[in-house]
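Peer 1: my questions are about this predicted structure, shown below with the sequence.
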Amino acid sequence: MTDQQPLHTPRSLIVTFYGAFGRGRADQADQRAAPPVPIAALIRLLAAVGVDSPSVRSAVSRLKRRGLLVPDRTPEGAAGYGLSDAARQLLDDGDRRIYGRVASRSGGGWLLAVFSVPEEERHKRHLLRSRLSRLGFGTAAPGVWIAPAHVHDETRHTLERLELASYVDLFRGSHLGFEPTAEAVARWWDLDALAAQHRAFLQVHEPVLHRWARRRAVPPRDAYRDYLLALDSWRRLPYADPGLPVALLPTDWPGARAARVFTALHARLRDAGARFVNEETGAAAGTGGTGSAAGVAGG
């Protein structure tokens, strides 16, 4: 495990963009009213973070095949793409992870997932393992996955959406021994690897926050670029690290500092970035939701 941040792929950046700016205003009762994003505007918006037009079109095609983007027309008749209902659910779940980012209480309990898959459907075994891992579950024992109890709703949504719920039993409970819980957590999760991911985020984006702290003006294009890149990096972390109780983590744990840096960047840049998006799409003010894109982890 290196301390380097993963590269920003075109597909990941597009998912991040839609999570941040493609769902309508956060205070709208029905965010499905958000119009599709014109493909021409999407190409310009991704160019601002270094993605060329062929790469945007290729990534959009892949997201369309995955059922996350759906073709549509804007009110003006331009060709564009909006989010599918499944993608909206993923992004809504992701909002709760990223913007409700609080560490679990030590007494909050644990969620256990145990699954059994018939041999003739063993390909679903790999899918289940990969999805539970993406949701931040650790491995308590062979076939027994564990996470803080607060991820229950999102876990249910994910398993139901993927039609995997019939293979899984979920339990909520407490760790009663015999190993001290802090030692067990260090066995269930690779804490060194998680800490390295937090440090990598800080290495790239904490200097960005320091630069913005020295600036009075917040130019919309610059704010959009730095915010989208920070969000694209950050949105993976609450899935790798599901908000483990602070009391069970090493004293020098970098997760809280990384969360503070992202929260400060969000507060400083998100609204100005939305103004740039509005200029490029011709949308009314406030195009974005709370803006996580986290649920489509990895893009």
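Peer 2: Now that the structure is in, tell me what you want to look at. Numbers count the residues shown, from 1 in each chain.
Peer 1: ok, the nearest residue to Thr281 once chain neighbours are set aside - contacts?
Peer 2: Excluding the flanking residues, the one nearest Thr281 by CB to CB, 6 or more residues apart in numbering is Ala41, at 4.5 Å. Where C-beta positions appear, they are placed from N, C-alpha and C, glycine not excepted. By CB atoms under 8 Å, 6 or more residues apart in numbering, Ala41 lies in contact with 80, 280-282.
Peer 1: pLDDT weak spots in the chain?
Peer 2: Low-confidence segments of the chain (pLDDT under 70): 1-6, 24-33, 100-107, 283-299.
Peer 1: quick one, strands of it?
Peer 2: Assigned strands in the chain, in chain order: 37-38, 69-73, 79-83, 110-115, 138-141, 144-148, 168-173 (criterion: DSSP state E).
Peer 1: note down every partner strand of the fourth one and its orientation.
Peer 2: Counting by DSSP bridges, the strands paired with strand 110-115 are strand 144-148 (antiparallel), strand 168-173 (antiparallel).
Peer 1: would you indicate which residues of the last one are buried?
Peer 2: For strand 168-173, the buried set under the neighbour-count rule, 16 or more other CB atoms under 10 Å, comprises Val168.
Peer 1: now that strand - C-alpha only, PDB.
Peer 2: The C-alpha trace of strand 168-173 is given here as PDB (Å, rounded to 0.1, in the frame of the first residue of the first chain):
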ATOM      1  CA  VAL A 168     -27.500 -12.700   3.400                       C
ATOM      2  CA  ASP A 169     -28.500 -12.600   7.000                       C
ATOM      3  CA  LEU A 170     -27.900  -9.400   8.900                       C
ATOM      4  CA  PHE A 171     -27.400  -9.300  12.700                       C
ATOM      5  CA  ARG A 172     -26.800  -6.400  15.100                       C
ATOM      6  CA  GLY A 173     -25.000  -6.900  18.300                       C
END
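Peer 1: list the contacts of that strand.
Peer 2: For strand 168-173, contacts defined as CB under 8 Å, 6+ apart pick out 109-115, 128, 149, 152, 155-156, 159.
Peer 1: do that again at 10 Å, thanks
Peer 2: The contact list for strand 168-173, computed with CB atoms under 10 Å, 6 or more residues apart in numbering, reads 108-117, 128, 131-132, 144-146, 149, 152, 155-156, 159.
Peer 1: what's the PyMOL syntax to select whichever of those residues are buried?
Peer 2: To isolate the buried members of the contacts of strand 168-173 in PyMOL, using 16+ other CB under 10 Å:
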select buried, resi 109+110+111+112+113+115+117+128+131+132+145+146+149+155+159
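Peer 1: would you turn the strands of the chain into CSV with distance to Gln197?
Peer 2: Output for the strands of the chain, formatted as CSV (distance: least, CB to CB, whole Å):
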stretch, distance to Gln197
strand 37-38, 30
strand 69-73, 27
strand 79-83, 27
strand 110-115, 22
strand 138-141, 15
strand 144-148, 17
strand 168-173, 26
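Peer 1: for Gly255, which of these is the nearest?
Peer 2: strand 144-148 (13.0 Å; CB to CB).
Peer 1: run through who's touching that closest one.
Peer 2: Strand 144-148 is contacted from outside by 103-105, 108-115, 128-129, 132-133, 135-140, 154-155, 168, 170-171, 173, 175, 184-185, 188-189, 242-245, using CB under 10 Å, 6+ apart.
Peer 1: okay if I get the contacts of Ala41 as CSV plus neighbour count and distance to Ala59?
Peer 2: Output for those, formatted as CSV (neighbours: other CB atoms under 10 Å; distance: CB to CB, whole Å):
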residue, neighbour count, distance to Ala59
Gly80, 22, 15
Glu280, 22, 18
Thr281, 23, 18
Gly282, 13, 23
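Peer 1: pipe these into TSV and attach distance to Ala193 per row.
Peer 2: Putting the contacts of Ala41 into TSV (distance: CB to CB, whole Å) gives the following:
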residue	distance to Ala193
Gly80	39
Glu280	38
Thr281	39
Gly282	44
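Peer 1: that'll do, ta.
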